[in-house]
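K.L.:
how would this look folded up:
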Amino acid sequence: QVQLVESGGGLVQAGGSLTLTCVASGLPSNNYAMGWFRQAPGKERVFVAAMTWSGGAVDYVDSVQGRFTISGNAVKKTVFLQMNDLKVEDTAVYFCSDNPYYAAYGPPEKYTWGQGTQVVVYS
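P.N.:
Residues are numbered from 1 along each chain as shown. Okay, the predicted model is just below:
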């Protein structure tokens with residue numbers, strides 16, 4: 001059974017930085033990618049970033065391109081999201097996904113998620 005545990009969220013002033021961490025366990029042998037999604041209050045969960053363990057693909061939503069960096073450790077099954085130059089509109093609960101390229105097309109209830117980690121950016 002896949003388990004995803006996110007951490008690293010917090011309260012930060014606009015322009016600041018945070019690094020989120022996701023530790024995965026129980027991943028199936030065919031797991032090839034990990035990613036991050038976010039859900040702002042009253043909005044749907046949306047794709048933020050994803051990467052393949054091989055390093056062959058890294059993708060970002062346009063709004064975070066150049067500010068966020070996804071990385072991971074395939075041996076430790078850990079994925080990170082370095083977030084720089086944070087903006088108020090980045091405020092959301094951030095979730096880790098072990099199937100980001102399919103989960104991006106939803107519905108969310110079909111996929112495994114952790115409890116999420118809250119990021120609040122204030123001006």
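K.L.:
Show me what the helix or strand of the chain with the lowest mean pLDDT is packed against.
P.N.:
The weakest-scoring helix or strand in the chain, judged by mean pLDDT, DSSP states H and E, is helix 100-103 (a mean of 92). Applying 3 or more CB pairs under 8 Å, 6 or more residues apart in numbering; DSSP states H and E, we find helix 100-103 packed against strand 33-39, strand 45-52. Where you see a C-beta, it was placed from the backbone N, CA and C, and this is true even at glycine.
K.L.:
Dump the shortest one to PDB, restricted to CA.
P.N.:
What follows is the C-alpha trace of strand 33-39 in PDB, where atoms were taken according to Å, rounded to 0.1, in the frame of the first residue of the first chain:
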ATOM      1  CA  ALA A  33       7.500   9.400 -11.500                       C
ATOM      2  CA  MET A  34       6.600  11.600  -8.500                       C
ATOM      3  CA  GLY A  35       5.000  15.000  -8.400                       C
ATOM      4  CA  TRP A  36       3.400  17.800  -6.500                       C
ATOM      5  CA  PHE A  37      -0.100  19.200  -6.600                       C
ATOM      6  CA  ARG A  38      -1.700  22.000  -4.700                       C
ATOM      7  CA  GLN A  39      -5.200  22.900  -3.600                       C
END
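K.L.:
How about the contacts made by the nearest residue to A74 once chain neighbours are set aside?
P.N.:
Excluding its sequence neighbours, the residue lying closest to A74 (CB to CB, 6 or more residues apart in numbering) is W53, at 4.4 Å. If you count contacts by CB atoms under 8 Å, 6 or more residues apart in numbering, W53 has them with 31-34, 72, 74.
K.L.:
out of those residues, who's nearest T21?
P.N.:
Set against T21, the nearest of the contacts of W53 by CB to CB is G72 (10.0 Å).
K.L.:
ok, that closest one touching V79?
P.N.:
Yes - judged on CB atoms under 8 Å, G72 makes contact with V79 at a distance of 3.9 Å.
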